[in-house]
Every structure is written in structure tokens, then in C-alpha cells.
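Student: this one's sequence-less:
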């Protein structure tokens, strides 16, 4: 990961020196940010908006492996993961705080690399970095990010509004991030056996990017507004489609039918799944980390949604008593299971 | 730490089961909290207030030692540490998010114990627990808390407003938390040699409580308001008086003179320091974790402040060119140094 340039030890500049280096170039972008880094707390003002707050904690060895996740990508992804939750509320992210715990194995340059990814994501998504904490850990790297966003009254979309007959929609395609992870893990195993062998990533740039540099769907709120459609419920797909459908159904007290043949899969996802003899459907249902949006719309929105290239109708909402099921291509009805990622088990189940 | 009651493994109930158990009894208290735990993000509304946001990350082995820090106390303290930053802005905390990363060594009961302390602090300080993340770590426990608070326009106090001739004040007394830590570490060493020997804590309940169950100064804002005094600058004392005075001076572009004999020390702090042949002043200046407030007020507030039993005037603000100095009882002038806690060095320097 680290190059041959001089590496500065953290002990040379201390915590305050590190914070100064990491925050010196921050320029606040949003009018809701009155004061950012530099006091006991940041100060915000949201007189006319509702405010959403979400937080995520990523730990080394569980959520990321520094053997194949470059620090800049990790910083970027850590931000995106949180912003995705804000977009899933149909809100717009405006501020983040970033806390990191680092062991002494990290040089200043490594931490700056991490922050360069964090700053890049802030730039791309128009978000202000307003505070955080920088401390040490006995082992590895931990990143905790809190994102704050805004929405007008009436714009917010919860998990709980899905109605029977609503259409179930997803953005983009699913399973790519999981297959990208499989690819990275395979090449990492090869590398461990033979460090001189060049990793074989050719033709798999899309699934690699889905894993290493995912983007949050910052376009969907605007798109649906243009179509004059307000989703009845929404959630982001961080743990795999299966878990998220179940969360949505539980919160809305409904069931749903999802059609296997409708689930959007990219060609690379399918090809690499085939190479590994994995059913790509499993990657989509249980893989996680796609950061697409899952939402429901009234049946009346069918024509408008149908025309949107990047949104797929994958099923419809049914009464709660019918449960949340996958209807296979062969017509079988299989209950969806909330397995997804289970970070508490330390593995993908 | 753990008793003989049946311990449930995390793998038995999974992440969603754990979250359900930890959040099932939450009752929202504040009108600014529109929606708490249970969606992609919490929803807040602050139409008439300024909002402050602060965050802290605590890691096992660096910020706490589970050998002598009970989990309930740890949960309580983790919240208090963050609320203290909100009070240091002259604001009132209203919401927190809590993220934890836990290794498989923790049972459900252990995590519930941690959360019982978190809930207790929320209860005591009138704060809503609105969200968080629960995940695993390869080693130990990490706690990340973000606190959100409110203040009316014009009430906020920054680090940057101190003026030459202002009085420098502190609440409560200093150095107690550090001496409490020394006591716990001494008894822990004794325990390691002889697990049957009862720890000797008698007569040291105050410094133990300062370390294990600190409180944030939620009374000072109201008190100063009653006295019709608005501090010109304020910061909380988390890293030792020395560091905080320097932060305040740097932000305000001033210097200051702090008088050794004025620094408030509790009798137990002095007694235990004497027992260990430590200068209690060092505990106050560099010890940290007292969570008292350091603030400056105009000279005109002298008479009113002087009468307050729990506030001590320890010095005054001077021009920046004179620096930040400690004036010893003997009259020597010693520049203050921002050593304090340096968690990046993994020790108190």
C-alpha cells in the first residue's frame, strides 16, 4: 500500500498536528454550516428544513481489508455508505463528521491518503466535513462517520409507507459489489501464494469499482421529482436485496412478491459469478454493498417508471399475510430471508 | 466483570436481534426529535435554534480498560464525554447516536450492561438516543458517539472570544479523574499479582467517581444566565487544564496568566497524590478527563463570579505576546505546555 516516499510517524506531530494537517484545506460549502472544525462542536442552522442524521462504523478486518482496499478508496467509500442512508430518506446530505482510530502502524502519509478519499467524496457530493475525532487504537483502523442532511417538510420518505399494490423498484443493478469482493479475495489468495503474479482484473473493472468505489444515488430524488412521483417507502441496499425488502415489508406491515427474472444484474456480475459457479442471484439477494435504492411507488406511476432506463420494477406489494417472497423464473414461491451481511458473524453467510 | 447468569452469545440473536433488544424501551423526550431509531436515518427539526454537533471515539485499551471500568460506567461516561462538549458551546444536548464495534468475547448481557449506562446518561441529561450502528471488531470494544444540541441565536460561546483583562474561570475541581485512574491502575497491578487481595479504595470514593462516572456541567449555562453573565470564550477540560488554556488562547489570539495557588484541587486528589509522591498540580494541568468547564468572563463579572462556590477564578487574559503561563506560588513564570492526554502516544505524558 505504502510507497517509498518518506513516511512520517504520528508521534512526530502528535494529535493536534495531525488534525491541523487533515483539516487545513477545508472550505465550507453549505449555508447550513455556520462553523466547522475547530471548536468543541460544529454549529449548524436549519430554520426551514427537516434534518436527517445517520451514522456508520467501519472496522478493519470486518468491513474492509487493507490488503486490497486502497486507503483513498476506503475513505471515499466510508463517506458514500453514510450519504446513501441520507438519500434513502429522500434527503440531501450536507455535513459529515469523521472519527478515526488508528494504530501506530499508520504513517501520516497513510492517514492523509485516507482523508484524500474523504475530501474527494465531500467534494463530489457537496458535503462539508465539520468535525470528528482522531485517536489511537491498539490494533487496526476504525472509521466512524455521521452524516447530516436536509429535506423539505413532506419530502421525507420512510421505510414504513408501502401500500398493497404498490410497485417495488430498484435503481441500477445488484450483486456487482459482492462479485467484486470475490474477485479481490481470489486475487489476494493468489498473491499470498505468489507475490510476483500479476492480479487478473481484466474485463472486471465494473464489479471492482462497485466494490472499491461505490457511489450513492444522489440522482434519484431529483429524477422522481421531475416525474412527479413520491415514493411511498424507501431504503438503501447495503445488506443485499433480501434483507432490505424484509426491512421495508416489516416497517410497512405488508408483504411483497419479487420476480427473479426482473432483478437487474450487470453482465460482468453474471460472467464472474459463472466463472466461480455462483448463482448471481445470490450475490444480488444476499451480497450487499450495492448502495442502490429500493423503493415503492403507487401503481399509477407504472408508465412513468417503466420508461426510466436506470430504474427496474422488480415486483409488487401484497398483503402482509402473503409474506415477502421471491417468485422464481420457474414459478416457485420462495420466502425471502434476511441473511445478507451479518457483520456480527464476521462473514457473509 | 461478568457474573454467573446465563450469557447469550451474539451469534444466537444476530445484529437485528441485538438492535431490537437494545432499543426496544427507548422513549423519545424532546420535541426536536421527530423520528429516532428504526429507519435509514433519524429525523430532527430545529426551526428556531442553532444546532451544535460533536463526536468522540473511544477504543478499548486506549481510553478505557475493562479490567477496572465496569461496562455500565463506561456507557455512561462515553455519553457524558460528548455532552460535555455540547455544554462547552453553552448549548443544551438533545440527541445522541451511539455506534459500537464489539468482538465476539462480549455476550448480549455485557452489551446490555453497556447500554444500561448509555440509557441512564440519556435519562439524566434529557437526551434522546436516535440511532447508531452495531457491528463487530476483530479485537475489543470501540464506542463512537455523536451528540447534537441546541442553543438560541446569540447564546453560543466559542473558544475564540477571550479578551485581554478577562477573568479565566474553572468550574469544580481538577486532577481528580487522573488520580482516580492512578488508584485503579495501582489496585489492578496488585490484583494481577494477588487476585484474592481486596482492592483498597476506602476514603477515595470521590476520585474514583471522577474517573469512573464523571458528570458533564449541565448547570453552568443556567447559573451564568441567572448571574446575567455571558462567557466570552469556553472549552471543556477533557485533556488537562494546560492543553485547554492553550487551545483557548490560540483560538482567541491572546495570552493568559494562571495562578498555581488558585487551581482548585479536592482534598482526596491532594492526599492520594501525596501518597504516590505526585505533585497534584501535574494531575490538574496534564491529567485530563475532569470534564469541568474553562471559560473567560469580562472583568466586570468579578463580584458576581467571586460569590459562586463552584466557580474559581484562576487567572486573567493578557496580550498574546506575553504567552500562556503558570505563575507559581513562588512567583516563577512557567510557560504552559499542551501535553495533556496524547492518545496517539498511547499514554499520558
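Tutor: Everything's here; your move. Just so we're clear, the structure is a prediction, and the values are computed from it rather than from any experiment.
Student: Residue ranges in the stretch 201-349 of chain A under the pLDDT threshold?
Tutor: Confidence mapping of the stretch 201-349 of chain A against pLDDT under 70 gives the ranges A:339-349.
Student: rerun that using 50 as the cut-off
Tutor: Low-confidence segments of the stretch 201-349 of chain A, defined by pLDDT under 50, are located at A:340-349.
Student: show me where it has helices.
Tutor: For the stretch 201-349 of chain A, the helices identified by DSSP state H, counting those that start in this stretch occupy A:205-212, A:220-226, A:241-252, A:267-275, A:280-282, A:302-306, in order along the chain.
Student: So which of these is nearest chain B?
Tutor: helix A:241-252 (7.2 Å; C-beta to the nearest C-beta). From N, CA and C alone the C-beta is placed, and that goes for glycine too.
Student: which residues are contacting that closest one?
Tutor: The set of residues that contact helix A:241-252 without belonging to it, under C-beta atoms under 8 Å, 6 or more residues apart in numbering or on different chains, is A:158-163, A:168, A:170, A:174, A:232-233, A:235-238, A:255-256, A:258, A:263, A:284-286, A:288, A:294, A:296, A:317, A:320, A:324, A:336-341, B:38-39.
Student: Please pick the buried ones from those residues.
Tutor: Burial by neighbour count, 16 or more other C-beta atoms under 10 Å in any protein chain shown: within the contacts of helix A:241-252 this picks out A:158-162, A:168, A:170, A:174, A:232-233, A:235-238, A:255-256, A:258, A:263, A:284-286, A:288, A:294, A:296, A:317, A:324, A:336, A:338-341, B:38-39.
Student: what about the residue nearest the centre of chain A, distance to residue A:288?
Tutor: Computing the C-alpha centroid of chain A and ranking residues by C-alpha atoms, centre = their mean puts residue A:81 first, at 3.3 Å. According to C-beta to C-beta, to the nearest Å, residue A:81 stands 11 Å off from residue A:288.
Student: Now the common contact residues for these two.
Tutor: Taking C-beta under 8 Å, 6+ apart as the contact definition, residue A:81 and residue A:288 share the neighbouring residues residue A:238.
Student: I'd like to know how far residue A:102 sits from chain B.
Tutor: When C-beta to the nearest C-beta, to the nearest Å is applied, the distance between residue A:102 and chain B equals 8 Å.
Student: Count the residues that sit near that residue.
Tutor: Burial measure for residue A:102: 23 neighbouring residues, criterion other C-beta atoms under 10 Å in any protein chain shown.
Student: Does stretch A:109-122 reach chain B?
Tutor: No: using C-beta under 8 Å from any C-beta of the partner chain, no contact is recorded between stretch A:109-122 and chain B, whose separation bottoms out at 10.6 Å.
Student: and if you look at stretch A:292-307?
Tutor: No: judged by C-beta under 8 Å from any C-beta, stretch A:292-307 makes no contact with chain B; its nearest approach is 9.8 Å.
Student: one step back: highest mean neighbour count out of the helices of the stretch 201-349 of chain A?
Tutor: helix A:241-252 (a mean of 23; mean count of other C-beta atoms under 10 Å in any protein chain shown).
Student: Can you give the domain ranges for chain A?
Tutor: Per automatic domain parsing, the domain ranges recorded for chain A read A:10-151, A:167-343.
Student: wait, isn't residue A:55 in contact with residue A:143?
Tutor: No: taking contact to mean C-beta atoms under 8 Å, the distance of 11.2 Å between residue A:55 and residue A:143 leaves them out of contact.
Student: so where is the stretch 51-200 of chain A shaky, pLDDT-wise?
Tutor: Across the stretch 51-200 of chain A, no stretch falls below the confidence threshold (pLDDT under 50).
Student: Can you give me every residue that contacts the residue nearest to the centre of chain A?
Tutor: If you count contacts by C-beta under 8 Å, 6+ apart, residue A:81 has them with A:56, A:58, A:145, A:214, A:216, A:238, A:291.
Student: In strands, which of these fall?
Tutor: Among these, the members found in strands (DSSP state E) are A:56, A:58, A:145.
Student: Chain B next: which of the residues you listed are close?
Tutor: Here is what survives when these are matched to chain B using C-beta under 8 Å from any C-beta: A:56, A:58.
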